[in-house]
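Student: Here is my input; please provide its structure:
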Amino acid sequence: MKNINCEHCGALINVENDIKCPNCGAPYKNNKQYKEYLDYKKKQDDLDLESKKINNEIKKDVYKTTKKITAASAVMAIFIALFAIAIVSTIIYSIFKQTENNSARNDLNIINTNDDNNDNLQDILDNLKNNEEEKIVVSFNKTANTEKFNITVDKIIKYTEKNFSKKTYYGFHINFKNKTDDWKRLNDIKLVYIDNEGDEQTAKVGTVSTKTLDILATEKTTYKGYIYYSIPSYVKDVKIVYDNVTIKINNYKNKIK
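Tutor: Predicted coordinates:
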């Protein structure tokens, strides 16, 4: 329960990371949900403290009991260990003899086994090839058609928040058609880019699209709407990635309307 809703704008606030609302900047120390979170955390801390006390008492009891072990008990433990070793040695010897008797029969099956392994290896290579062929790459304003869905990115807009934070987000208009009987969550649609270090990064979703992320593409329906992302100013090329589909958008700022 580390996320609460802002009483002013309704945005999500992570009380462990945010000192104020990341959307509107309002404080939340008097927020009812935040007070409930503090009460809950205090109860958990009290439970942890009590648990540590109980564990310490148990450790003390175990230590006292261990000191009471007599020399006779130690001798008995050694005797039991030697007896167990004898039993294990007997079992190992029996297994060795059985393995020796079966080795000739196993040698006769090596050729057939190798043939089966070759067939399995070919199946693995064929599956890897098929998986590679299933990947679909399209460009901006082009539709990616799969057996399960169609997806298109056909518009890009720039949005600047009107509060004092003045954060800028870029909205990508998604046309998503679900062809299956399963529901699809739109928060699986990601935007990725290459940072200054040459590493691939996933863009943070803007709070203005919180409602969009809660929308499900229900069975065999079409959804049209914007998803907003926070993108560093130096980035020129981005990719929209969903399932096995990649939509490449080069110089995305030139496509803003």
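
Student: wait, doesn't K184 sit right on N178?
Tutor: Yes: K184 is within contact range of N178, at 5.3 Å (criterion: Cβ atoms under 8 Å). Bear in mind the C-beta positions are built from the backbone N, C-alpha and C, glycine included.

Student: that's a strand at K41, yeah?
Tutor: No: counting by DSSP: H, G, I helix; E, B strand; the rest coil, one finds K41 to be helix, located in no strand.

Student: and it, how far is that from T180?
Tutor: 42 Å (Cβ to Cβ, to the nearest Å).

Student: residues of stretch 28-47 that come out buried?
Tutor: 28, 31, 34, 37 (16 or more other Cβ atoms under 10 Å).

Student: now the helices for the stretch 51-200 of the chain?
Tutor: For the stretch 51-200 of the chain, the helices identified by DSSP state H, counting those that start in this stretch occupy 71-108, 110-133, in order along the chain.

Student: Lowest mean pLDDT across the ones you listed, which one is that?
Tutor: Note on the helices of the stretch 51-200 of the chain: helix 110-133 shows the lowest mean pLDDT, a mean of 55.

Student: What is the most widely separated pair among the buried residues of stretch 28-47?
Tutor: Y28 and Y37 (10.0 Å; Cβ to Cβ).

Student: tell me, what's touching those two both at once?
Tutor: Listed as contacting both Y28 and Y37 by Cβ atoms under 8 Å, 6 or more residues apart in numbering are 4, 15.

Student: Pull the contacting residues for K253.
Tutor: By Cβ under 8 Å, 6+ apart, the residues touching K253 are K236.

Student: distance between the ends of stretch 237-256?
Tutor: End-to-end distance for stretch 237-256: 13 Å, by Cα to Cα, to the nearest Å.

Student: what comes up buried for it?
Tutor: For stretch 237-256, burial by neighbour count (16+ other Cβ under 10 Å) applies to 238-243, 245, 247-249, 252, 255.

Student: Next, give phi and psi for K255.
Tutor: Backbone torsions for K255, taken as degrees, to the nearest 10, come to phi -100, psi 0.

Student: Name the nearest residue to it, sequence neighbours excluded.
Tutor: Distances taken as Cβ to Cβ, 6 or more residues apart in numbering put I156 closest to K255, at 5.0 Å, once the chain neighbours are dropped.

Student: So that neighbour is in contact with L191, correct?
Tutor: No: counting by Cβ under 8 Å, I156 stays clear of L191, with 10.9 Å between them.

Student: Out of the two, name the residue with the larger neighbour count.
Tutor: L191 (25 against 19; other Cβ atoms under 10 Å).

Student: Who are the contact partners of that one?
Tutor: 172, 202-203, 227, 229, 231, 238-241.

Student: Closest one of those to L49?
Tutor: T202 (38.8 Å).

Student: hey, what's Y242 bridged with?
Tutor: V245 (DSSP bridges).

Student: distance of it from V153?
Tutor: 10 Å.

Student: can you check K257 too?
Tutor: For K257 relative to V153 (Cβ to Cβ), the value is 13 Å.

Student: So between those two, which is more surrounded?
Tutor: Under the criterion of other Cβ under 10 Å, the comparison of K257 against V153 puts V153 first, with 27 against 7.

Student: hang on, isn't the more buried one packed against F172?
Tutor: Yes: between V153 and F172 there is a contact under Cβ under 8 Å: 5.3 Å.
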